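In: need a structure here:
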Amino acid sequence: MAPTAPTSEARPTLRRSLAIVWRSLRSMRTALILLLLLALASVAGSLLPQIPNSPDRVARYLVDHPLWGDLFWRAGLFDVFGSWWFTLITVLLFVSLVACLLPRSRAAIRAMRQRPVQAREIDSFRHVAELAAPGDAVSAVAAARRVLSRRLYRVEVAPDGAALAADKGALRELGSLVFHWAFVLLLLGVVIGKGFGYTGRATLAEGQTWTDAAVNYDALSLRPGRYASGDHTGVGIRLLSFRSDFRSTGVPMDFVSRVELLDAEGEVAGTEDIRVNHPASFGGLRIFQFGFGWAPVVAVEQAGTSISEGPLVLGQDRAPEGVSQLAMPWRGFLKLPSLRPQIAVELELWPDSDAFFRSLETGQPQPMLRQNAPFMNYTVWSGRLTDPSLRDLDTRSMEEIGSGVIGAGQTVDLEHACLVGGGGAGDETSSACPAGTPTTLTMAFPDLVRYSVLQVTKDVGVPIVLAAAILLLMGLLPALYTSRRKLWVRAEPDRDGVRLQIGGFALQRKPQFEEEFAKVVAAIADATGSSDASAREMVEAR
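Out: The predicted structure follows:
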């Protein structure tokens, strides 16, 4: 017998498939799974170096761990928060939360509008009590209504006035909804902040002023959001001083950048101390302390004409294992492309000469924690400059024409690598130029200052995130400290007055409701003038 063809109901259709996907997204289980995936992705983004924050560390990781580095690179784990799969998880979580919350919100609104419903049988509830009271049914129920209203119950009296229904704790569900909607708002604020803001790093030496403009950020450090307009605030930062405090062991204690904040017109708006984990906020920007270093002030003259003058930002090589990073010298290059032939000066700064000589005596590199008789080793190269970077020098088209040492406050002749002038020269400095030596190209080292690296971030989603955080707290409190409770009171005529039936139950925190129910019964007994001994004994027992 030929097999029967499948019915049309069994064949999947686009509409049926979309309905299955939508039902899955509306499940709270799906939202929890997506939230877990988002948390795991965030952990990966915290443990691994990220391209937007530390491109040099990513490059170093790829070199040190080629196998795992290539695997992580292909998976997008070096730019987790900018990857397509992280964006997909975020969007699905957002849709899932909204799909879960919309039906709950509609149900909560209906429940808030709906008045408490009268009960048919009160003696079937978990908590029941009876009271004998004088007077008529309407008066007794009115007295019970006043008691429950004072206890913040929402009360609905029956048309005949002989019964009432009351409930309490609707804020619990409302608080839960506010909490979950605030979480959606939090996600929205993060997405808007990352999508329409930007972040980058600014390096400025003491006394220098930096302006928020795209061209002023450190190379490759500016990371605009996907939807950023490219406009910048134009506010300025002037570094007044930088201070670093260390323990005697070399452990850092504090890094402080003292800055003046300038508005877009260049007027001073205030002074701030920027520390690690204590950023400054100004003009819609948040300014964080990111790094620091030494910047020797170098002045180059040719035949008495100034060629270059100003602080030169230097960097450090990575310290070998077991050696403090503070013991490493500071390196950089001074390039003079306007000269013919072109000149480059390779510089190696030792800010603390005492630490340098102790290292030579002990054979153990000593941390340089302060400025003390600084000096620089220098090497002069002549030829064609092919790389404009101040951190690297390609010497394949150049030749070395001299080298020497220059101390703070000294001036040297670059062509002859000898000392032209300056006091305080020790054994570590270059020898003096012979008498009659023509000096046409000189380099002076008048001062040594600090520089600070600041991370500047514009996050337009901060107000949204702040509002979401406040709503999260406001929604969490009623969800933790309130519970849904329902009570009913019915009065029936008796030979000496009325017989009151009181019943109720709690949807949450049921053990606590037993004590509350007993207090409500006792308060209603006092309000109605009940003298029922058995009822009072029941209340006291509870």
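In: who's Val489 bridged to?
Out: Leu164, Ile502 (DSSP bridges).
In: so it makes contact with Gly504?
Out: No - between Val489 and Gly504 there is no contact under C-beta atoms under 8 Å: 9.3 Å. Any C-beta I mention is one placed from the backbone N, CA and C, and that applies to glycine too.
In: of those two, which one has the most company?
Out: In this view Val489 and Gly504 are compared by other C-beta atoms under 10 Å, and Val489 has more residues nearby, 32 against 24.
In: could you list the low-pLDDT ranges of the stretch 101-250 of the chain?
Out: Scanning the stretch 101-250 of the chain with the threshold set as pLDDT under 70 gives 248-250.
In: show me the strands in it, by range?
Out: Taking DSSP state E, counting those that start in this stretch, the strands of the stretch 101-250 of the chain run over residues 127-133, 154-157, 163-168, 198-205, 209-211, 223-224, 236-246.
In: out of these, nearest to Val117?
Out: Counting by C-beta to C-beta, Val117 lies closest to strand 163-168 out of those; the figure is 5.8 Å.
In: quick revisit: mind checking the strands of the stretch 101-250 of the chain for the one nearest to Pro351?
Out: Closest to Pro351 of these is strand 236-246 (C-beta to C-beta; 11.4 Å).
In: now that closest one and strand 198-205, what's the angle there?
Out: Angle of strand 236-246 versus strand 198-205, following axes from the mean of the first three to the mean of the last three C-alpha atoms, to 10 degrees, is 70 degrees.
In: could the strands of the stretch 101-250 of the chain be laid out in a markdown table, adding mean neighbour count and distance to Trp73?
Out: Below are the strands of the stretch 101-250 of the chain laid out as a markdown table (neighbours: other C-beta atoms under 10 Å; distance: least, C-beta to C-beta, whole Å):
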| stretch | mean neighbour count | distance to Trp73 |
| --- | --- | --- |
| strand 127-133 | 22 | 64 |
| strand 154-157 | 18 | 60 |
| strand 163-168 | 22 | 58 |
| strand 198-205 | 21 | 22 |
| strand 209-211 | 17 | 33 |
| strand 223-224 | 19 | 18 |
| strand 236-246 | 18 | 35 |
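In: tell me which of those sits nearest to Val297.
Out: Each of the strands of the stretch 101-250 of the chain has some distance to Val297 by C-beta to C-beta; the shortest is strand 198-205, at 8.3 Å.
In: and that closest one, what does it pack against?
Out: Judged by 3 or more C-beta pairs under 8 Å, 6 or more residues apart in numbering; DSSP states H and E, strand 198-205 is in contact with strand 223-224, strand 236-246, strand 285-302, strand 441-458.
In: how far does stretch 105-112 sit from the chain's center?
Out: Here stretch 105-112 is found 35 Å from its chain centre; the criterion is C-alpha atoms, centre = their mean, to the nearest Å.
In: let the chain start at 204 from now.
Out: New numbering, starting at 204: the last item is stretch 308-315.
In: what lies in contact with it?
Out: Outside stretch 308-315, the residues that touch it by C-beta atoms under 8 Å, 6 or more residues apart in numbering are 373, 376-377, 380, 384.
In: thinking again about what came up before, what would the strands of the stretch 304-453 of the chain look like in CSV with distance to Gly700?
Out: Supplementary listing: these in CSV, determined by distance: least, C-beta to C-beta, whole Å:
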stretch, distance to Gly700
strand 330-336, 5
strand 357-360, 19
strand 366-371, 16
strand 401-408, 76
strand 412-414, 86
strand 426-427, 79
strand 439-449, 82
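In: now the buried members of the contacts of stretch 308-315.
Out: For the contacts of stretch 308-315, a neighbour count by 16 or more other C-beta atoms under 10 Å gives the buried set as 376-377, 380, 384.
In: among those residues, which ones are in helices?
Out: In helices, defined here by DSSP state H, the members of these are 376-377, 380, 384.
In: any weak-confidence spans in this protein?
Out: Judged by pLDDT under 70, the stretches of the chain that qualify are 204-215, 256, 451-453, 626-633, 734-745.
In: can you map out the helices along it?
Out: Counting by DSSP H, the chain has helices at residues 217-228, 231-250, 258-267, 269-278, 287-316, 340-353, 373-399, 556-565, 665-684, 713-731, 736-744.
In: possible to save the helices and strands packed on strand 401-408 as a markdown table with distance to Ala405?
Out: A markdown table is the format used below for the helices and strands packed on strand 401-408 (distance: least, C-beta to C-beta, whole Å):
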| stretch | distance to Ala405 |
| --- | --- |
| strand 426-427 | 13 |
| strand 439-449 | 7 |
| strand 488-505 | 8 |
| strand 644-661 | 5 |
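In: wait, Leu377 sits on Leu680?
Out: No - using C-beta under 8 Å, Leu377 is not in contact with Leu680, being 11.4 Å away.
In: tell me how many other residues surround the residue nearest to Asp616 when sequence neighbours are not counted.
Out: Nearest non-adjacent residue to Asp616, counting by C-beta to C-beta, 6 or more residues apart in numbering: Thr642, 4.6 Å away. By other C-beta under 10 Å, the residues close to Thr642 number 18.
In: so who does Thr642 touch?
Out: Applying C-beta under 8 Å, 6+ apart, we find Thr642 in contact with 616, 618-619, 623, 636.
In: closest to Val360 among the residues you listed?
Out: Using C-beta to C-beta, Val623 comes nearest to Val360 of the contacts of Thr642, at 103.2 Å.
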